[in-house]
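>>> pasting the sequence and the predicted coordinates here, then a few questions.
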Amino acid sequence: MSGLSNQIVNDSDLIEGCIRGERKMQQELYQRFAPKMFGVCLRYAGNTEEAEDILQEGFIKIFKKVGSFRSEGSFEGWVRRIFVNTAIEHFRRKTYLQPVTEREEETIEGSYLSVLDSLAEKDIIALVQQLSPGYRTVFNMYVVEGYTHKQIADILGISEGTSKSQLSRAKIILQEMVRKNIDQQSGRKSK
């Protein structure tokens, strides 16, 4: 068994060890959080390689900032917030969102029907990864992370209307992907 695994080390000892630069504690922190945080990174990334880049960048930030954790809330929540912010920063460096008129937004929102409920999480992640970076980021921030459109607009430097339209379009595209998937599967079954 490598490292200190199985969470024998409590969060405060882990944090203190990382602050002191102890390699074993850094490895324990990585082993403890990498799988979950990779899932966060995958939701924002376009592919596995991009998710790995975000994961690496996030852990660099964690190791640099671990001394600033104030024990207000859970350590895992603090770690997750850094990864979400890292993914958003990654997105902001690479992409720009296009504004959409309010009329387009109403049309988009009016035609959306939720068809994602029956899919497994890994299927949804795979579909979300196929979205353009703008749609993917707003979708994740709103649906997964629980940001409001105002918060998304402030963080990404866009209007609330653009945030809403990006989300609406993401939903429609996901719906179309799911329908296409279902049609393909039902076509295979009838043959």
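Happy to help now that I have it.
>>> isn't V9 up against C18?
No. No contact is recorded between V9 and C18 when judged using CB atoms under 8 Å, the distance being 10.5 Å. Heads up, the C-betas are built off the backbone N, CA and C, glycines and all.
>>> mind listing the helices for this structure?
For the chain, helices defined by DSSP state H occupy the ranges 11-19, 23-44, 48-65, 75-94, 102-110, 121-129, 133-139, 149-156, 160-190.
>>> hmm, back to that, so between V9 and C18, which is more surrounded?
Legend: neighbour count by other CB atoms under 10 Å for V9 and C18, higher for C18 (22 against 19).
>>> give the contact list for I125.
By CB atoms under 8 Å, 6 or more residues apart in numbering, I125 lies in contact with 39, 42-43.
>>> repeat that for V84.
40, 44, 141, 145.
>>> apart from its chain neighbours, what residue comes closest to the second one?
When you say that, I think you mean Y44. Counting by CB to CB, 6 or more residues apart in numbering, the nearest residue to Y44 once its immediate chain neighbours are dropped is A87, at 3.6 Å.
>>> dump the contacts of I125 to a markdown table, plus pLDDT.
As requested, the contacts of I125 are exported to a markdown table (pLDDT from 0 to 100):
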| residue | pLDDT |
| --- | --- |
| G39 | 90 |
| L42 | 89 |
| R43 | 87 |
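>>> out of these, which end up buried?
Buried positions within these, assessed by neighbour count (16 or more other CB atoms under 10 Å), are 42-43.
>>> which of the contacts of V84 lies closest to L131?
Y44 (10.4 Å; CB to CB).
>>> neighbours around that closest one, how many?
Should you count by other CB under 10 Å, Y44 turns out to have 26 residues around it.
>>> repeat that for the one 3 residues further on.
Other residues within reach of N47 by the criterion other CB under 10 Å amount to 11.
>>> show me what contacts the nearest residue to it once chain neighbours are set aside?
Leaving out its chain neighbours, the residue that sits closest to N47 by CB to CB, 6+ apart is Q129, at 6.7 Å. When the contact criterion is CB under 8 Å, 6+ apart, the partners of Q129 are 42-43, 45-47, 136.
>>> at 10 Å what do you get?
When contacts are counted by CB atoms under 10 Å, 6 or more residues apart in numbering, Q129 touches 42-48, 50-51, 136.
>>> low pLDDT regions in this structure?
The model of the chain has pLDDT under 70 over residues 1-7, 95-121, 188-191.
>>> outline the domain layout of it.
Under the assignment automatic domain parsing, the domains of the chain span 11-94, 102-190.
>>> wait, isn't I19 in contact with F69?
Yes. Counting by CB atoms under 10 Å, a contact exists between I19 and F69, whose distance comes to 9.2 Å.
>>> more crowded one of these two?
Comparing I19 with F69 by neighbour count (other CB under 10 Å), the higher total belongs to F69, at 18 against 14.
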